[in-house]
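A.B. asks: The following block contains a protein sequence and its predicted model.
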Amino acid sequence: MNSIVFPGLDLDDTPMEEFRYLAHWCFAMLTLDTSDGSRVELLFTGTLAHRFQPAPVREHLRIDGAYPRTLMRRERSPWMAALARKLDRTGDVLPQGLKHYVVPTNDGVWECLALDVVLR
């Protein structure tokens, strides 16, 4: 199941995304265009992992039959579950409160495992 993180955030069909990651601070920033022509920043804190996948993986992102153009959170994340299994083999665990955030675009899907996200 997926849930919308910031109701009212409506991203452009082609959001011209820009991604930055600061490893020292475990901080990721995704800058995107909105449907009204403005730009927003999604600031992910406590970032453990991030990835970009091609558009065909969007099938699991439908809410009520459509792909929302917004930031979503995956409630049951296969990616987090797989990572947890790998860490378990080494005696490590995922940080408490980690969440799987997803931003679908026309070109693909941005994903981030982080503790929190702020909209600016």
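C.D. replies: Arrived safely, thanks for sending. Numbers count the residues shown, from 1 in each chain.

A.B. asks: where are the low-confidence patches of the protein?
C.D. replies: Counting by pLDDT under 70, the low-confidence segments of the chain come to 56-66.

A.B. asks: 80 instead, please
C.D. replies: By pLDDT under 80, the low-scoring segments of the chain are 1, 13-16, 55-67, 106-107.

A.B. asks: which stretches of it form strands?
C.D. replies: All strands of the chain, identified by DSSP state E, fall at 2-4, 18-22, 27-33, 39-45, 49-54, 72-74, 99-104, 108-114, 116-119.

A.B. asks: Now render the ones you listed as a markdown table, adding mean neighbour count and distance to D92.
C.D. replies: The way it works is simple: take the backbone N, C-alpha and C, and place the C-beta from them, glycine included. Formatted as a markdown table, the strands of the chain follow (neighbours: other CB atoms under 10 Å; distance: least, CB to CB, whole Å):
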| stretch | mean neighbour count | distance to D92 |
| --- | --- | --- |
| strand 2-4 | 14 | 27 |
| strand 18-22 | 12 | 21 |
| strand 27-33 | 19 | 21 |
| strand 39-45 | 17 | 20 |
| strand 49-54 | 13 | 13 |
| strand 72-74 | 19 | 21 |
| strand 99-104 | 22 | 18 |
| strand 108-114 | 21 | 14 |
| strand 116-119 | 14 | 21 |
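
A.B. asks: Turn those into TSV, including distance to D88.
C.D. replies: Converted to TSV, these look like this (distance: least, CB to CB, whole Å):
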stretch	distance to D88
strand 2-4	25
strand 18-22	25
strand 27-33	25
strand 39-45	24
strand 49-54	16
strand 72-74	20
strand 99-104	18
strand 108-114	16
strand 116-119	24
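
A.B. asks: Nearest to L11 among those would be which one?
C.D. replies: Closest to L11 of the strands of the chain, according to CB to CB: strand 27-33, at 5.5 Å.

A.B. asks: How far does that closest one sit from its chain's centre?
C.D. replies: Relative to its chain's centre, strand 27-33 lies at 10 Å (CA atoms, centre = their mean, to the nearest Å).

A.B. asks: got it, and stretch 109-120?
C.D. replies: How far stretch 109-120 lies from its chain's middle: 5 Å, per CA atoms, centre = their mean.
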